[in-house]
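Participant: need a 3D model of the following:
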Amino acid sequence: MEMDPAQFLQGRTRETEIRRDARGRWFNGTDRITHPNLIRSFDGWIDRAEDGRFCLSNAINWAYVDIEGPPYFVKDVEASDEGVTLHLSGGHVEPLEPSSLRQGPEGALWCAVREGRCPARFDNHALSKMSDWVREDDEGVFVLVGSEKVRPPEIADPLSLGLETR
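Facilitator: Next up is the predicted model:
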C-alpha cells in the first residue's frame with residue numbers, strides 16, 4: 001500500500017515551542033535543552049523559511065523556532081588573497097560577501113550568511129582580528145577587504161538583514 005505524502009502531513013504542523021534566548025540557550029517550551037550534541041546541531045540548523053521566519057532545517061525536515069538576538073555569530077575570520085572566510089557559530093564556514101556588511105545599533109558589525117538568508121553579528125574575537133582591516137578616511141569608516149573599501153551602511157534593525165534579498 002502506497003502512502004500519499006499529503007495524507008501523512010495532514011493535521012501536522014511546523015510550529016514548535018523550540019526557542020533560543022539572547023544568551024544562546026535552547027528551550028522546548030520552558031524546559032531547557034542541555035544535550036551538547038543537540039545544541040550544536042540546532043546552532044548549525046538555523047535558517048530562514050520561505051515566509052521569512054526562522055526555522056531549524058536539516059536534510060530531513062524543518063520546523064519553525066523563535067530566535068532572540070542574532071541567529072549566527074561570526075566567531076573568527078581569516079583573510080587570504082581570495083577574500084575573507086567566516087567561521088560561524090554552529091560550525092559553518094563560508095566566504096564573506098563584502099556587500100552584505102552592515103553597521104547595526106551601537107556600532108556592531110553584521111553581515112548576511114547562509115547564502116544571504118540569515119544575519120550574523122561579529123563577536124569581539126572576530127572584530128579584534130579585523131582591527132587591521134578597519135580604517136577611516138575623509139569619507140568615514142570603511143573595512144578593507146582585499147583592495148576593496150567597503151563602507152557598511154548603518155541599519156536600525158540588523159535582524160532584518162537577509163530579508164532584503166528575498
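Participant: domains of the chain?
Facilitator: Domain ranges of the chain: 5-67, 72-160, per automatic domain parsing.
Participant: any chance of these in a markdown table, plus mean pLDDT and mean neighbour count?
Facilitator: Where you see a C-beta, it was placed from the backbone N, CA and C, and this is true even at glycine. Listed next are the domains of the chain as a markdown table, based on pLDDT from 0 to 100; neighbours: other C-beta atoms under 10 Å:
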| stretch | mean pLDDT | mean neighbour count |
| --- | --- | --- |
| domain 5-67 | 88 | 13 |
| domain 72-160 | 90 | 15 |
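Participant: going along the chain, name the helices of this protein.
Facilitator: For the chain, the helices defined by DSSP state H cover 5-9, 36-45, 124-129.
Participant: so which of those helices comes closest to E94?
Facilitator: helix 36-45 (12.0 Å; C-beta to C-beta).
Participant: which other residues reach that closest one?
Facilitator: The contact list for helix 36-45, computed with C-beta atoms under 8 Å, 6 or more residues apart in numbering, reads 18, 20, 24, 26, 33, 56-58, 65, 89-92.
Participant: in strands, which of the residues you listed appear?
Facilitator: Mapping the contacts of helix 36-45 onto strands (DSSP state E) picks out I18, R20, W26, L56, S57.
Participant: make CSV from those and add distance to V113 to it.
Facilitator: What follows is the ones in strands among the contacts of helix 36-45, written out as CSV (distance: C-beta to C-beta, whole Å):
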residue, distance to V113
I18, 21
R20, 16
W26, 19
L56, 16
S57, 14
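Participant: quick check: the farthest pair among those?
Facilitator: Going by C-beta to C-beta, the pair spanning the ones in strands among the contacts of helix 36-45 furthest: W26 and S57, at 15.4 Å.
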